[in-house]
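Student: this one's sequence-less:
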């Protein structure tokens, strides 16, 4: 069966520090992968998506970047975090029953 | 940018009652999906309805879609305390990117 792993679950980082969040998918090949951010009490905003290794599309200009070094690995990064980067980050892949998306458990990032 | 908008923003009901929430969207879609999010957790896919479908059922869930009005509704029948969560509608177009609304927070009182 397909599973998606996302870590860490929580992260507190100082302003100006780097960031690396990792997402891996198991049980499928060549998945479409997505990074979303959710501000407190809000819906999800699509940040990046990838249809294959090395293929990254950015949805909004921001302080973050994404990479896909392997088929089932999707990484969200920043060189220098801003306070506004705080939020709940969710990785997802498109697949499973009826084309629904499967989400990871999320990383709550607090920039202090 | 957000494609869907849910209404109401918050809903409080008694256990056993039905809960109905609505979603409106702006552009043409391939399908519309509903997700549930328990507090501080990831999203769980509930149901998907395609643009050529009008109604779909899954257990206690009933989803309708009216493409002429660009709207959808989610009905949860015989609600339980475990249904307390935020519910999001999301749409996909030809590019299969999911666009989410801001969600409806449902509280089921025992």
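Tutor: Great, that's in hand. In this text the structure is predicted, and so the values were computed from the model without any measurement.
Student: for chain B, what lies in contact range of chain A?
Tutor: Chain B comes close to chain A at residues B:2, B:4, B:31, B:33, B:35, B:40-45, B:48, B:88, B:90, B:92, B:96-103, as judged by Cβ under 8 Å from any Cβ of the partner chain. Placement of C-beta: from N, CA and C, glycine included.
Student: which bits of chain A sit near chain B?
Tutor: Neighbours of chain B within chain A, by Cβ under 8 Å from any Cβ: A:6, A:32, A:34, A:36, A:42-46, A:49, A:59, A:88, A:90, A:92, A:94, A:96-106, A:108.
Student: from the residues you listed, which land in strands?
Tutor: If you go by DSSP state E, the residues of chain A next to chain B have A:6, A:32, A:34, A:36, A:44-46, A:49, A:88, A:90, A:92, A:94, A:101-103, A:108 in strands.
Student: if we look at stretch A:26-40, which residues are touching it?
Tutor: The contact list for stretch A:26-40 (Cβ atoms under 8 Å, 6 or more residues apart in numbering or on different chains) reads A:1-5, A:23, A:25, A:44-52, A:66, A:68, A:71-72, A:74, A:76, A:87-95, A:101, A:106, B:96-98, B:100.
Student: what about the closest residue to residue A:49 other than its chain neighbours, how many neighbours?
Tutor: Leaving aside its sequence neighbours, residue A:49 sits nearest to residue A:34 (Cβ to Cβ, 6 or more residues apart in numbering or on different chains; 4.7 Å). Neighbour count for residue A:34, taken as other Cβ atoms under 10 Å in any protein chain shown: 26.
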